[in-house]
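J.: Below: sequence and its predicted model.
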Amino acid sequence: MIDTLVGFPQDPAALYRSIRAILRDKESREDFVMPAEYMFHDVPASHLPGDVDPVGLVLGEMDRHGIDISLVSVSADPEVGGRALTDHPTRFAGAWTCDPNKGMAGIRELVHAHETWGIRAAAIMPHGTSPQVAIDAPQMYPIYAKCVELGIPVFATVGIAGPRVPSMVQRVELIDQVMYDFPELVFVMRHGAEPWTDLAVKLMLKWPNLYYSTSAFSPRYYPANIIDYANTRGADKIIYGGYFPMGLSLDRIMTELAQVPLKAEVWPKFLRHNAARVLGLPAEG
């Protein structure tokens, strides 16, 4: 099994500093530990005692739940993420979150991460930058071009954002132009694509390099049309992604995952093969 969204426990103040800076409502700024806390009611503890190794903790959870490889953000904490990739190269794959507002400085960071840690994906969060940058904005295009050049996919949050910030920069329709301009780009939608999942399916039928990850959704709330698509023409397009420890525990995810009505022949693709193909990882554990 490959999980395409796993984090390392860290101080929430550091983890959410950039998104918190653009929040305006009092509850989000002062009361929420996690910016989308109104949506997640059993958020795992994210701050560890000093004597607990976050890499060891995550490895233990992975072993307990049968996760062979996790895609983790190195940019969130380069010391911890870099150590995970260096010490456990067969268990972790790295991603680097890009800020399109940094221009070429951001591109150089992405290249450095690729050269240093062999990262296998870039990530963008259009709603979380300041100022916000739309999926199809000119500032995003150097990131897409570099991903094609490096041979890595980009994972993008799409749909209505969880934090209380505007979401129109993440409209699913914007992906259409990007896929037209970058036919070699492998683009993976993250975080739901709601309320535009019908359009997401339509675009996946249209563009061969467009995929969907189930990240940040409890399995009981996976959109029905996404599951229908996985069971029919989209068996090779839907990728498992969790949200541990940012919003969901692996205990909850795995308990609910068993109830997802996927066909037997779709499960191996959903849990591993599709992610392995997109990330260039072994198809078998």
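T.: All right, it came through fine. Numbering: from 1, shown residues only.

J.: Could you use CA atoms for every contact and neighbour count after this?
T.: Will do.

J.: Report all helices and strands that the helix or strand harbouring residue 256 contacts.
T.: Using DSSP states H and E, residue 256 falls within helix 250-257. On a contact count with 3 or more Cα pairs under 8 Å, 6 or more residues apart in numbering; DSSP states H and E, helix 250-257 meets helix 54-65.

J.: Pull stretch 207-214 out as PDB, backbone CA atoms only.
T.: C-alpha atoms of stretch 207-214 as PDB (Å, rounded to 0.1, in the frame of the first residue of the first chain):
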ATOM      1  CA  TRP A 207      -6.900  14.100 -20.300                       C
ATOM      2  CA  PRO A 208      -4.700  11.000 -19.900                       C
ATOM      3  CA  ASN A 209      -2.300  12.500 -17.400                       C
ATOM      4  CA  LEU A 210      -4.900  13.800 -15.000                       C
ATOM      5  CA  TYR A 211      -5.500  11.900 -11.700                       C
ATOM      6  CA  TYR A 212      -7.500  12.200  -8.500                       C
ATOM      7  CA  SER A 213      -6.200  11.400  -4.900                       C
ATOM      8  CA  THR A 214      -8.700  10.800  -2.100                       C
END
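
J.: what distance separates that stretch from the centre of its chain?
T.: The chain centre lies 12 Å from the centre of stretch 207-214; the measure is Cα atoms, centre = their mean, to the nearest Å.

J.: Mind listing what's buried along that stretch?
T.: For stretch 207-214, the neighbour count (16 or more other Cα atoms under 10 Å) marks 207, 209, 210, 211, 212, 213, 214 as buried.

J.: Among these, which lie within strands?
T.: 210, 211, 212, 213 (DSSP state E).

J.: The longest helix that the chain contains - contacts with which helices or strands?
T.: Assignment by DSSP state H gives helix 104-117 as the longest helix of the chain. Contacting helix 104-117 under the criterion 3+ Cα pairs under 8 Å, 6+ apart are the following elements: helix 78-87, strand 92-97, helix 141-150.
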